[in-house]
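Visitor: I'll drop the sequence and a predicted model, then ask my questions.
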Amino acid sequence: MIDPQLLRDSPDVIKASLRTRGADESLVDTALEADAARREAIAAFENLRAQQNAIGKDVAKASGAEKESLLATVKELAQQVKDASARVSEAEENAAGVLGALPNLVLEGVPAGGEENFVTLREVGMVPTFEGEPRDHLDLGESLGILDMERGVKVSGSRFYFLKGAGALMEMALMQLGMKVALENGFVPLIPPTLVKPEVMQGTGFLGEHAAEVYHLGDDDLYLTGTSEVALAGYHSDEIIDLSQGPLRYVGLSTCYRREAGSYGKDTRGIIRVHQFQKLEMFSYVDPSDAEAEHERMVSWQEQMLQSLGLAYRVIDVAAGDLGSSAARKYDVEAWVPSQGKYRELTSTSNCTTFQSRRLNVRHRPEKDASTEPVATLNGTLATTRWLVALLETHQQPDGSVLVPEVLQPFMGGLRVISAP
RNA sequence: GGAGACGUCGCAUAGUCCGGCCGAGUGCACCACCCUGCUAAGGUGGAGUCCCCGCAAGGGGACCGAGGGUUCAAAUCCCUCCGUCUCCGCCA
């Protein structure tokens, strides 16, 4: 949720942000009206309620005929209060709906436009070259016996797979490498629930434009999370947290579930786009003034990961129109995928400023004895199953084997090469 | 799965039977000041969150697990839900 105060004071700022996103700026006027209506309803209710409270005190003291006459007048008031209260609920619900539809304010410098309008911030590492056509990760994985798509489909349907042997080990090694980087930077590991309540899913904004992406268990009214960001953001909901010692950083490891509705025919080969995968996710709660710096730190940790794994990548500043509703700015790190001859997203890191925390009600006290303020939240990927795609393809050898990056070897029992069985 | 108890301001509790004087007492912790002077004790005062009006001072409203209901009036009565605990049964 955006800051309602900002909406009232400078609607033009919000309109400008909506334009950058290519969204409908008339939303702002609708929201302003709803907000005004809400406050009007509240004022009306509170006046009536104050009267009722005052007379109620007299009723308690009075007796006999005096009491009877007081009761008669206040009885009527009671009905008015009730009606006014109903109007408040209605107005608040409406205002919350309209206000909630406004996406986060885009940060200064974010490229305007849609998906294709991203700006490349830097390209790092040598794009690998091959004699002849490089094999793709599925081809490699199957021939090495470490990825079994066929049986995944047999057991669970399309976009499911088994990782086997060194494939399974490599996924876990990636997670452990990421965990090591996280621990070095003060992150507290969390293994979160992957089923969450509707209000948490709502609070993180995934029931908006991503609603069709989310698995829902109807019998229990629970949602399967597509990222541990959801649970990590909900972790401190309705709390006043202490940031005086610096950011609160969590790293969550979880299985992620995505329906991939609407992506039929896209990335159907291999494990680029699947219904279930592992992800290690960073999540920081920070003082809003520190958010942009934390964002840069998160990218740098992600880059550190890719560099240590010997992957070529680029960092892009995602265009406003391609941001989720919660993000004020988003950087993607995309690794070179040889079989496709292009960069594909491996990580994403978003600065959600105070947007998410407002919905989830996470606050802090900037100064001792100061009043509370929403915190800023940021999230970013440290490792996912998809990384195996870039790793297998980048480190494939002419004989069909794959070299294990040195940093992963300790987590794979010292294995240096994955060879066909 | 069956039976019961409970859910109050950071923590621990009082209040709920007998609705109004309870946004709410007490203890601990916390903050400020005083006293004393030493690793303690005592005294005084302060302090919740959210919202609305207001430049401000200030005023008003809401919140006693959540949501409904009864009533002029609900922490207190009724209903539903959620959660915690205890006992029994069942199963790893």
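Guide: Looks like it arrived, so ask away. Numbers count the residues shown, from 1 in each chain, chains lettered A, B, ... in the order given.
Visitor: If you drop the residues flanking it in sequence, what lies closest to A:E133?
Guide: With CB to CB, 6 or more residues apart in numbering as the criterion, A:E133 has its nearest non-adjacent residue at 8.0 Å, and that residue is A:S339. Using the backbone N, CA and C atoms, a C-beta is placed for each residue, glycine as well.
Visitor: would that neighbour count as being in a strand?
Guide: No: when DSSP: H, G, I helix; E, B strand; the rest coil is applied, A:S339 is found to be coil, with no strand at that position.
Visitor: any weak-confidence spans in the stretch 251-400 of chain A?
Guide: A:262, A:264-265, A:369 (pLDDT under 70).
Visitor: how about the residues of it near RNA strand B?
Guide: Residues of the stretch 251-400 of chain A lying close to RNA strand B by CB under 7 Å from any atom of the strand are A:363, A:371-372.
Visitor: Out of those, which comes closest to RNA strand B?
Guide: Here the nearest of those to RNA strand B, counting by CB to the nearest atom of the strand, is A:T372; it sits at 3.5 Å.
Visitor: Tell me who's in contact with the closest one.
Guide: Applying CB atoms under 8 Å, 6 or more residues apart in numbering to A:T372 gives the contacts A:240, A:363-365.
Visitor: coming back round to it: thought the residue nearest to A:E133 was touching A:P128?
Guide: No: A:S339 lies out of contact with A:P128 (CB atoms under 8 Å); the separation is 11.1 Å.
Visitor: Spatially nearest residue to A:M149 (excluding sequence neighbours)?
Guide: Closest to A:M149 by CB to CB, 6+ apart is A:Y161, at 4.9 Å.
Visitor: can you check A:L311 too?
Guide: Excluding the flanking residues, the one nearest A:L311 by CB to CB, 6+ apart is A:A335, at 4.6 Å.
Visitor: RNA strand B versus the one you found, what's the distance?
Guide: Separation of A:A335 from RNA strand B (CB to the nearest atom of the strand, to the nearest Å) stands at 42 Å.
Visitor: Look up which residues are beta-bridged to that residue.
Guide: In this entry, A:A335 is beta-bridged to A:Y313, A:R344, by DSSP bridges.
Visitor: Enumerate the residues of the stretch 51-200 of chain A near RNA strand B.
Guide: Counting by CB under 7 Å from any atom of the strand, the stretch 51-200 of chain A comes close to RNA strand B at A:52-57, A:59-60, A:71, A:74-75, A:77-78, A:81-82, A:89.
Visitor: Would you mark the buried spots in stretch A:155-168?
Guide: A:159-163, A:166-167 (16 or more other CB atoms under 10 Å).
Visitor: What ranges does the stretch 201-350 of chain A have for its strands?
Guide: Per DSSP state E, counting those that start in this stretch, the stretch 201-350 of chain A carries strands over the ranges A:215-217, A:222-224, A:239-241, A:248-257, A:276-286, A:313-317, A:329-337, A:342-351.
Visitor: wait, which of the ones you listed is closest to A:V200?
Guide: strand A:222-224 (8.0 Å; CB to CB).
Visitor: Give the rounded mean pLDDT of the closest one.
Guide: Averaged over strand A:222-224, pLDDT sits at 87.
Visitor: Which elements pack onto that strand?
Guide: Applying 3 or more CB pairs under 8 Å, 6 or more residues apart in numbering; DSSP states H and E, one finds that strand A:222-224 contacts strand A:195-196, strand A:215-217.
Visitor: got a list of contacts for the longest one?
Guide: By that I understand strand A:215-217. So strand A:215-217 is contacted by A:195, A:222-224, A:257-259 (CB under 8 Å, 6+ apart).
Visitor: how about a cut-off of 10 Å?
Guide: A:194-195, A:198, A:201, A:207, A:222-226, A:257-259, A:275-276 (CB atoms under 10 Å, 6 or more residues apart in numbering).
Visitor: Specify which member of those is nearest to RNA strand B.
Guide: A:L222 (10.8 Å).
Visitor: Spit out the contact partners of the closest residue to RNA strand B within the stretch 151-300 of chain A.
Guide: Residue nearest to RNA strand B within the stretch 151-300 of chain A: A:I240 (6.6 Å; CB to the nearest atom of the strand). Taking CB under 10 Å, 6+ apart, we find A:I240 in contact with A:361-365, A:372-373, A:375.
Visitor: hang on, the earlier thing: most surrounded residue in the contacts of strand A:215-217?
Guide: A:T225 (29 neighbours; other CB atoms under 10 Å).
Visitor: wait, what's in contact with that one?
Guide: A:192-196, A:200-201, A:204, A:206, A:214-215, A:231-232, A:234, A:252, A:254-258, A:279.
Visitor: looking at the sheet around the residue of the stretch 151-300 of chain A closest to RNA strand B, what are its partners?
Guide: A:R363.
Visitor: need the residues of the stretch 251-400 of chain A next to RNA strand B in TSV with distance to A:T120, can you?
Guide: Listed next are those as TSV, based on distance: CB to CB, whole Å:
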residue	distance to A:T120
A:R363	37
A:S371	42
A:T372	39
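Visitor: So chain A: which segments form each domain?
Guide: A:4-100, A:115-418 (automatic domain parsing).
Visitor: Check the ones you listed for me and report the most buried one.
Guide: Compared across these, domain A:115-418 shows the largest average neighbour count, a mean of 19 (mean count of other CB atoms under 10 Å).
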